[in-house]
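*Asks:* Here is the input, now give the coordinates:
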Amino acid sequence: MKLSEVASRIHCKLQSPADVEVTGVASLEEAGPQDLTFLSNPKYYRKAQQTQAAAIIVSEGVELTGRPLLLSENPYLAFAHALELFYSTSRPTPGIHPTAIIASTASIGQNPSIGPYVVIEDHVKIGDDCVLKSFVAIYRGAQIGDRFLAHSHSVVRENVQIGHDVTLQNGVVVGGDGFGFAKQADESYYKILQTGTVVIEDGVEIQANSCIDRASVGVTRIRRGAKIDNLVQVGHGCEVGENTLLCGQVGLAGSTRVGRNVILAGQVGVAGHLTIGDRAIVSSQSGVPNDVAPGSVVSGYPAIENSLWLKCAAIYARLPEIYSTLRKIRNYLNKSGADL
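*Replies:* As a prediction, the model looks like this:
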């Protein structure tokens, strides 16, 4: 494909010869002389100068002398569109595999693609153009919208509601029982019936082996456009806001409220019954025991304002040295009879 056509289709300004031929997309390090690549992080500028790529997608104002460029307000997004030009994913042929078990009371829309050993129980409703890979299980009463994609071994439990354009990667469980147990007089635990449900709104993607627990009463809700990474635990009764990102191994304890456009980085743990405000960012491996204000950036445990945490972290490595100095000062003052 000519670079001029690529530029037009991914909405970039062309700053290079229009007749350059592009046959694929690759990273800065791996790109060859017919590949398109991108630069969105300034720390990779040196690699961009050294890349063998045919052209580079960059932000306006970035200069790479002698290199063919495509200018974009959002190079990473433009790169995502370029990937779709060269590497389209094929939809399975519509049809229902003979080993699939579908209850007579289930309702399935037009053009379904249902793979081997799928189980769909009574009173399930699924919209048009669904793709259910092998061994997917949809429990009784689940209601699912159009263009649903469920990869192998994902599970949608009873009475869960899922909107349009939702993707479940392998091993996802939506609507498993919340972790609810009441301690008895003999110190054993009595299971609390989880009578609520889960609602997944439009455009949500939940990645491999993540679990969204049903509420004990009421609803666990994942709002429109949220993206949930691998191995994430969303506890019962939580709410995750629109376009929020939960990165790998995040854990939300029950009844947490997460606002819109929030980012919880990898391995963040959030205590239950608290609120994380809109547009907040919590950095990797932080622990959140209290509410987080909208728009704030917090780190560490207990999570505090990020710039303060960075200062604390820098001091932490010097604590033995600081303590040794303090002891020397204290001993000197004691010998001299002065107060510390």
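
*Asks:* What separation do you get for the closest residue to Glu158 other than its chain neighbours and Val124?
*Replies:* Leaving aside its sequence neighbours, Glu158 sits nearest to Tyr139 (CB to CB, 6 or more residues apart in numbering; 4.1 Å). The way it works is simple: take the backbone N, C-alpha and C, and place the C-beta from them, glycine included. Here Tyr139 is placed at a distance of 8 Å from Val124 (CB to CB, to the nearest Å).

*Asks:* more crowded one of those two?
*Replies:* Set side by side, Tyr139 and Val124 show more neighbours around Val124, with 24 against 19, by other CB atoms under 10 Å.

*Asks:* Just confirm that one contacts Ala103, I think it does.
*Replies:* Yes: shown here, Val124 and Ala103 form a contact pair, counting by CB atoms under 8 Å, at 7.0 Å.

*Asks:* just checking, the residue nearest to Glu158 touches Val174?
*Replies:* No: judged on CB under 8 Å, Tyr139 makes no contact with Val174 at a distance of 9.7 Å.

*Asks:* Are there residues contacting both of the two? Which ones?
*Replies:* Residues touching both Tyr139 and Val174 (CB atoms under 8 Å, 6 or more residues apart in numbering) are 155-157, 160.

*Asks:* Which ones among the residues you listed map onto helices?
*Replies:* Among the shared contacts of Tyr139 and Val174, no residue falls in helices (DSSP state H).

*Asks:* Identify the single longest helix in the chain, thanks.
*Replies:* Per DSSP H, the chain has its longest helix at helix 319-336.

*Asks:* which strands and helices sit next to that one?
*Replies:* On a contact count with 3 or more CB pairs under 8 Å, 6 or more residues apart in numbering; DSSP states H and E, helix 319-336 meets no helix or strand.

*Asks:* distance of the closest residue to Cys211 other than its chain neighbours from Ala208?
*Replies:* Once flanking residues are discounted, Cys211 sits nearest to Val173: 4.8 Å by CB to CB, 6+ apart. Using CB to CB, Val173 is found at 11 Å from Ala208.

*Asks:* Of those two, which one has the most company?
*Replies:* Ranked by neighbour count (other CB under 10 Å), Val173 and Ala208 place Val173 first, with 20 against 17.

*Asks:* ranges for the helices of the stretch 1-150 of the chain?
*Replies:* Taking DSSP state H, counting those that start in this stretch as the test, the helices found in the stretch 1-150 of the chain are 3-9, 45-50, 75-86.

*Asks:* hmm, back to that, quick one: contacts for the residue nearest to Glu158?
*Replies:* 121, 124, 155-160, 175.

*Asks:* Relative to Gly235, how far out is it?
*Replies:* Tyr139 is 20 Å from Gly235, by CB to CB.

*Asks:* May I see the domains of this protein written out as residue ranges?
*Replies:* 3-86, 154-302, 314-340 (automatic domain parsing).

*Asks:* How far does the first one stretch from one end to the other?
*Replies:* Taking CA to CA, to the nearest Å as the measure, domain 3-86 stretches 13 Å from start to finish.

*Asks:* gap between it and the chain center?
*Replies:* 26 Å (CA atoms, centre = their mean, to the nearest Å).

*Asks:* and what of the second one?
*Replies:* The chain centre lies 11 Å from the centre of domain 154-302; the measure is CA atoms, centre = their mean.

*Asks:* so what's the residue nearest to Cys211 bridging to?
*Replies:* Val155, Cys211 (DSSP bridges).
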